[in-house]
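Asks: Return a 3D structure for these sequence lines:
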Amino acid sequence: MRGRIPAAMACALTAGAATAEQVRIDLIERQVTPPPILSNMIAPPADLGAAGARLAVTDIATTGKFMGHDYALHETIVAPEAEFLPAVRAALADGARLLVVKAPPADLLALADLPEAADAVIFNSSAPDDTLRGADCRGNLLHTTPSLAMRADALSQFALKKQWTDLALVQGPNPEDAAFAEALRRSLTKFGIKVKGEKGWAFDANMRRVASAEVPLFTQDLPDHDLLLVADERGDFGRYIAYNTWVPRPLAGSEGIIPKGWSGVVEQWGAAQLQGRFRDLAGREMQTEDFGAWAAVSAIGEAVTRSKTADPAALRAYLLSDQFRLAGFLGTPLSFRHWDGQMRQPVPLVTDRAVVGLAPLEGFLHERSELDTLGQDLPGTECTRFGEMP
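Replies: Below is the predicted model:
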């Protein structure tokens, strides 16, 4: 009969719901006190990252009902002044084995090295540090946010495509700036592009008043260049460089054309629908940290559905296999590299209002996957922990 479920099917669905397999996913966030910057115009959202995980749980719940899987998201928030490991140990003792973590690298490594976490699968959803995918990698730690090397390679491909081969660089004073600047240097060398000149940002004044006077003088002695790279990962001073340089040149890096894991301006490949669902849930635009958490939870859901198990060891093996694919609304299915646990993903190159490119760009080929032209490839990896759990 139209509009009614036959009695036998209704009984089957009821029985299935009663025996649904519980799949626990833990969201662990280590809150960090933001460092002081020259301008505090834009504060990060309180639910940055967490909102992406919450959306993904609602996305995978529908499929889970039909497959006999009941997903539950457990959230643990660790305040800046609190101890991180005791909170994580409590979650592990309570049964946490699939963890989506937003935390600094030191906390991520401390968690991954816990004996209690040896059989867990941990997803780094926010830290871009290359060392986490290299010499400091861990076999139980996967990454769903692009590395610094991936972002830098995306920008190098774009510059090469535009034939902008003479570049200058302004580097900020913070450790994050130094790490991104070094990733840019390595990438540009890899693609045969020269950095003709560099300067370190040396101002701590209120640039809202003096940028138009100071920045032209600061950039006056840079050699002639096609593109000015800015390494300012905290969003501290880069906004004051735009339109104030001695010679008018496009900016890229942390300002201008920015390589990001995700942005609210991504609209193609079904992304508009994902963006709409996220806005309905969070009341704001989806950011890179949100997408990293969304991708981690969605990967868990996809792996549980395809492998028909919630066992962490079996899920890890499936996630790292050639069979795993995740529709990530970026034009190409996402997967994990078996040598360092990094998720293969396109990197949008964006401004505040539009996508100007999507790396890997056309013409950059690879024997395995064009996505492996972004970031550390297998032949040069320093990661030796994959292939077995720690």
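
Asks: where's A183 relative to L48, distance?
Replies: Distance from A183 to L48, counting by C-beta to C-beta, to the nearest Å: 23 Å. Bear in mind the C-beta positions are built from the backbone N, C-alpha and C, glycine included.

Asks: So between the two, which is more surrounded?
Replies: Between A183 and L48, counted using other C-beta atoms under 10 Å, the more crowded position is A183 (24 against 18).

Asks: what about the strands in the chain?
Replies: 21-30, 69-78, 98-102, 121-124, 141-143, 166-171, 194-200, 227-231, 251-253, 258-259, 335-336, 343-344, 347-350, 355-359 (DSSP state E).

Asks: Now render those strands as a markdown table, adding mean pLDDT and mean neighbour count.
Replies: Formatted as a markdown table, those follow (pLDDT from 0 to 100; neighbours: other C-beta atoms under 10 Å):
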| stretch | mean pLDDT | mean neighbour count |
| --- | --- | --- |
| strand 21-30 | 97 | 21 |
| strand 69-78 | 97 | 17 |
| strand 98-102 | 98 | 27 |
| strand 121-124 | 98 | 28 |
| strand 141-143 | 98 | 27 |
| strand 166-171 | 97 | 22 |
| strand 194-200 | 96 | 15 |
| strand 227-231 | 98 | 26 |
| strand 251-253 | 98 | 24 |
| strand 258-259 | 98 | 24 |
| strand 335-336 | 98 | 23 |
| strand 343-344 | 98 | 24 |
| strand 347-350 | 98 | 24 |
| strand 355-359 | 97 | 19 |
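
Asks: where's S126 relative to T144, distance?
Replies: Following C-beta to C-beta, the distance that separates S126 from T144 is 9 Å.

Asks: Need the overlap of contacts for the two.
Replies: Shared contacts of S126 and T144 (C-beta atoms under 8 Å, 6 or more residues apart in numbering): 292-293.

Asks: can you give me the helices in this structure?
Replies: When assigned using DSSP state H, the helices of the chain occupy the ranges 7-18, 50-67, 84-93, 105-112, 148-161, 175-190, 207-219, 238-241, 271-282, 288-307, 312-319.

Asks: Please tell me how far the closest residue in space to R344 that isn't next to it in sequence sits from H338.
Replies: Excluding the flanking residues, the one nearest R344 by C-beta to C-beta, 6 or more residues apart in numbering is L371, at 4.0 Å. Between L371 and H338 the computed distance is 13 Å (C-beta to C-beta).

Asks: Between those two, which has more neighbouring residues?
Replies: Neighbour totals were compared for L371 and H338, and L371 leads with 23 against 15 (other C-beta under 10 Å).

Asks: which residues sit in contact with F191?
Replies: So F191 contacts 153, 156-157, 159-160 (C-beta under 8 Å, 6+ apart).

Asks: Same list, those, but as JSON lines with neighbour count, pLDDT and distance to A106 please.
Replies: Converted to JSON lines, the contacts of F191 look like this (neighbours: other C-beta atoms under 10 Å; pLDDT from 0 to 100; distance: C-beta to C-beta, whole Å):
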{"residue": "D153", "neighbour count": "29", "pLDDT": "98", "distance to A106": "26"}
{"residue": "S156", "neighbour count": "26", "pLDDT": "98", "distance to A106": "29"}
{"residue": "Q157", "neighbour count": "24", "pLDDT": "98", "distance to A106": "31"}
{"residue": "A159", "neighbour count": "23", "pLDDT": "97", "distance to A106": "33"}
{"residue": "L160", "neighbour count": "17", "pLDDT": "97", "distance to A106": "35"}
